[in-house]
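**Q** Okay, predicted coordinates and the sequence, questions at the end:
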Amino acid sequence: MTDIKKGLAGVVVDVTAISKVNPETNSLLYRGYPVQDLAAHRSVEEVALLLWTGELPDDDELARFVAFERAHRALDENVRRAIDLLPVDCHPMDVGRTAVSVMGANHPKAEDSSPEAELEKAQALFAAFPAVLAYDQRRRRGQDLVEPREDLDYAENVLWMTFGEEQPPEVVDAFRVSMVLYAEHSFNASTFTARVITSTLSDLHSAVTGAIGALKGPLHGGANEAVMHTFNEIGIRADESREDAAARAKAWMEDALAQKKKVMGFGHRVYKNGDSRVPTMKAALDRMIEHYNRPEMLGLYDGLEEAMAEAKGIKPNLDYPAGPTYHLMGFDTEMFTPLFIAARIMGWTAHIMEQRASNSLIRPLSEYVGPEQRELPAE
Ligand SMILES: CC(=O)SCCNC(=O)CCNC(=O)[C@H](O)C(C)(C)COP(=O)(O)OP(=O)(O)OC[C@H]1O[C@@H](n2cnc3c(N)ncnc32)[C@H](O)[C@@H]1OP(=O)(O)O
Ligand SMILES: O=C([O-])CC(=O)C(=O)O
């Protein structure tokens, strides 16, 4: 029997110059720059340009892109109409997936895959997607659409369109950090999906639509939402001490592992000794816990982490600190993975362009294990 690598685990399928995930050094580089340095010092807009072009922008390049991004933020009327047709109790990832598909169908350059058109479509999608998730959260709450504001940067504006109020700088900063950390992660399942679709010479919006489908699952992006379901199952008690919350979380985890449950937000296919992005995201979560004065959330976080480490030695992944961070900011739980879409559009579209520039149809082989050739039964 052929040596089959289930889930393509450990298989190197292509080269990439976009990011380097190094589990040995527990590091992640975007185009050579450590992600924690980018998260500390750079805007989402700068990171987007870095991922797409390979270099950090100079002042003129950044100013041009910032102007473009601010001019392309408003929710398109066709997209709004399509969203309004979807039930308010469907999953917001279905809304995001549908919205990107509608954007593609309406884009005048949908079938133009030249490098220039591709970059323009990537930038427009990056600019336009936040309005989808912001509008979706608001319509579910019975609130009206909030128009984008051109005087706000990307991170400030996403929060503005979602909540209709300017957020304090600490909150904006934690949100910006999450977007930078979520932007790109080499050949993860959704990015690989986007590359498979691109490899057939399909268009950018089709590739992103497919990637959203792959991101939705709880073994991938859906884990940030699932983390919050765990917290809710344990029970969030705003007046509880950190210690009491930690004790309840530990007991919950011990019980879950005794039942052989998989607990989302822990483990990773590539990192086996911790996720390079967790310390930076955890620091942002700590700042939010302090800002909102919610020590019991830290108790739940620590209790689960400690019990998982003691029982199985498995470390948290990025979705673990990101989930409670978004919760504290006021996002509805089901909106967490659409936030991941907003960020990962940067990485997906960079990979779509890289795949197209050096394409080969992605079509692996399988070993057949079904019945041998046989005769049809007589009619
Ligand atoms: C941004 C991201 O997408 S990060 C990933 C987000 N996904 C999650 O958080 C989902 C939970 N985690 C998991 O399911 C896994 O760790 C994965 C899918 C991410 C990676 O898994 P793989 O590399 O395929 O490892 P696999 O699932 O085979 O796990 C290896 C062992 O660790 C255990 N394990 C791994 N993760 C977990 C977990 N979260 N909870 C409990 N046990 C776990 C498995 O049960 C398995 O144990 P066994 O050998 O006794 O059967
Ligand atoms: O790399 C992976 O398999 C999943 C992940 O962490 C990501 O996509 O950010």
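**A** Cool, the structure landed. Computed from a predicted model, the values in this text were never measured in an experiment. Ligands and ions are numbered 1, 2, ... in the order given.

**Q** so what's the residue of the stretch 101-250 of the chain found nearest ligand 1 up against?
**A** Per C-beta to the nearest ligand atom, residue 223 is where the stretch 101-250 of the chain lies closest to ligand 1, at 3.5 Å. (Glycine included, C-beta is placed from N, CA and C.) Residues in contact with residue 223, defined by C-beta atoms under 8 Å, 6 or more residues apart in numbering, are 264-265, 317, 319-320, 323.

**Q** Mark which of the residues you listed are buried, thanks.
**A** Buried by 16 or more other C-beta atoms under 10 Å: 264-265, 317, 319-320, 323, out of those.

**Q** would residue 221 count as being in a helix?
**A** No. Going by DSSP: H, G, I helix; E, B strand; the rest coil, the assignment for residue 221 is coil, not a helix.

**Q** Surely it and residue 213 touch.
**A** No. Residue 221 is beyond contact range of residue 213, at 10.5 Å (criterion: C-beta atoms under 8 Å).

**Q** Take the buried ones among the contacts of residue 223 and lay them out in a markdown table including pLDDT, secondary structure and distance to ligand 1.
**A** Shown next, in a markdown table, are the buried ones among the contacts of residue 223 (pLDDT from 0 to 100; DSSP: H, G, I helix; E, B strand; the rest coil; distance: C-beta to the nearest ligand atom, whole Å):
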| residue | pLDDT | secondary structure | distance to ligand 1 |
| --- | --- | --- | --- |
| 264 | 98 | coil | 4 |
| 265 | 98 | coil | 5 |
| 317 | 98 | coil | 4 |
| 319 | 98 | helix | 5 |
| 320 | 98 | helix | 7 |
| 323 | 98 | helix | 10 |
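
**Q** nearest to residue 24, of the residues you listed?
**A** Nearest to residue 24 among the buried ones among the contacts of residue 223, counting by C-beta to C-beta, is residue 317 at 17.2 Å.

**Q** Report the contact partners of the closest one.
**A** 223, 265-268, 271, 275, 278.

**Q** And the furthest pair within the contacts of residue 223?
**A** 317 and 323, at 10.7 Å, using C-beta to C-beta across the contacts of residue 223.

**Q** And for the closest residue to residue 330 other than its chain neighbours, the neighbour number?
**A** Setting aside the residues directly before and after it, residue 330 is nearest to residue 163 in space (C-beta to C-beta, 6 or more residues apart in numbering), at 6.2 Å. By other C-beta atoms under 10 Å, the residues close to residue 163 number 18.

**Q** Name the nearest residue to the one residue in the chain that gets nearest to ligand 1, ignoring sequence neighbours.
**A** Relative to ligand 1, the nearest point of the chain is residue 267 (2.2 Å; C-beta to the nearest ligand atom). Leaving aside its sequence neighbours, residue 267 sits nearest to residue 314 (C-beta to C-beta, 6+ apart; 5.0 Å).

**Q** distance of that neighbour from residue 227?
**A** Applying C-beta to C-beta, to the nearest Å, the value for residue 314 to residue 227 is 14 Å.

**Q** tell me the secondary structure for the residue of the stretch 1-150 of the chain found nearest ligand 2?
**A** Per C-beta to the nearest ligand atom, residue 21 is where the stretch 1-150 of the chain lies closest to ligand 2, at 6.6 Å. Under three-state DSSP, residue 21 falls in the strand class.

**Q** Could I get the pLDDT score of it?
**A** Residue 21 carries a pLDDT value of 97.

**Q** Tell me which residues touch it, please.
**A** Per C-beta under 8 Å, 6+ apart, neighbours of residue 21: 28, 185-186, 270-271, 276.

**Q** Buried among the residues you listed? Make that a ChimeraX selection.
**A** Buried subset of the contacts of residue 21, written as a ChimeraX selection, criterion 16+ other C-beta under 10 Å:
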select :28,185,270,271,276
